[in-house]
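Colleague: predicted coordinates and the sequence they were generated for:
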Amino acid sequence: MPKTPLRRAGDLPVDNTRAAAGPPQREPRGERRKRETRSRLLDAALELMAEKGMEGVAINEITEAADVGFGSFYNHFESKEAIYAALLDAVFEEFGNALDRLTQDIADPAEVISVSVRHTLRRAQREPVWGRFLMREGFSARVLERGLGQRLLRDIEKGVNEKRFPNDDILMMSTSAGGTVLASISIGLQLGFSQEAEPAGLKRLGFSADGLPERAAATLLRTLGLDRAEAEAIAYRPLPHGEAEPRPT
């Protein structure tokens, strides 16, 4: 999870409309340090848990990776489970909320799903650790209860209710759709999401990561019941303006 660098006063444009109100209040040093420490702990936990899962990571591993004193951990989180829950909110809930904002004016459930899938794969491309954490959590029993899995279930259910998708087995449709997304992320991570990084053996088989987000979206829409022409037309439409990025934690 990338860190949001603190801006210095010199980095900000001058706002003459606020000059009369005086300079903005500075964040107290203690609060800034507390926020930075929490951010380092979350960054370290994300990388470790993406590799080993929550059960495979000890608190002292997180504090060592974050370069934070062991006792300081408990100033921010009461347990390993608590920092894991905070990660789920930061990694999935905030990103899911951003997707909801990005697609709020799109009426077609098929296009909502296409936009969400493409943004998800694009973020996994930019942030491989995020992608690995999503893959690990995506195969857990909690996948349909919160975050991206819950939203995918919601959008598929809406499509079924509106007769947009012909199949009415919502659980299996969600399972198939989620599997397509996770498998595409896995393939993208292995191939590096670029033709230059593709192993020669996969090239000979015709495998390529080129355009993977759009190809995954088109395949998923065909799984949901759209014909090939319509699925590809929706999957390759320009994305809505704006980026689905989480807000700073």
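Modeller: On my side now, so go ahead.

Colleague: mind giving me the domain split of this protein?
Modeller: According to automatic domain parsing, the chain comprises the domains 29-78, 87-235.

Colleague: what's around A107, how many residues?
Modeller: Using other Cβ atoms under 10 Å, A107 has 8 neighbouring residues. Heads up, the C-betas are built off the backbone N, CA and C, glycines and all.

Colleague: ramachandran coordinates for it?
Modeller: phi -90, psi -30 (degrees, to the nearest 10).

Colleague: top helix in the protein by residue count?
Modeller: For the chain, the longest helix by residue count, based on DSSP state H, is helix 29-52.

Colleague: let me know the angle separating the next helix or strand after it from helix 29-52.
Modeller: Sequence-wise, the next helix or strand downstream of helix 29-52 (DSSP states H and E) is helix 59-66. Orientation check (axes from the mean of the first three to the mean of the last three Cα atoms, to 10 degrees): helix 59-66 against helix 29-52 gives 110 degrees.

Colleague: from the chain's centroid, how far away is helix 59-66?
Modeller: Averaging C-alpha coordinates over helix 59-66 and over its chain gives two centres that are 23 Å apart (Cα atoms, centre = their mean, to the nearest Å).

Colleague: returning to what we had before: point out the most buried one among the domains of the chain.
Modeller: domain 87-235 (a mean of 18; mean count of other Cβ atoms under 10 Å).

Colleague: report the distance from that domain to the chain centre.
Modeller: That offset, for domain 87-235, works out to 11 Å (Cα atoms, centre = their mean).

Colleague: so how far does it reach from one end to the other?
Modeller: 30 Å (Cα to Cα, to the nearest Å).

Colleague: pLDDT of that domain, averaged?
Modeller: The average pLDDT within domain 87-235 is 86.

Colleague: can I get the domains of the chain in a markdown table including distance to H241?
Modeller: Shown next, in a markdown table, are those (distance: least, Cβ to Cβ, whole Å):
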| stretch | distance to H241 |
| --- | --- |
| domain 29-78 | 28 |
| domain 87-235 | 9 |
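
Colleague: tell me where this structure has helices.
Modeller: 29-52, 59-66, 80-88, 94-103, 109-126, 128-138, 147-161, 170-191, 200-204, 212-223, 228-235.

Colleague: test my guess that E93 contacts G147.
Modeller: Yes: the criterion here is Cβ atoms under 8 Å, and E93 meets it with G147 at 5.7 Å.

Colleague: export the helices of the chain to CSV and tack on distance to S72?
Modeller: Output for those, formatted as CSV (distance: least, Cβ to Cβ, whole Å):
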stretch, distance to S72
helix 29-52, 6
helix 59-66, 7
helix 80-88, 12
helix 94-103, 24
helix 109-126, 30
helix 128-138, 23
helix 147-161, 28
helix 170-191, 32
helix 200-204, 45
helix 212-223, 39
helix 228-235, 46
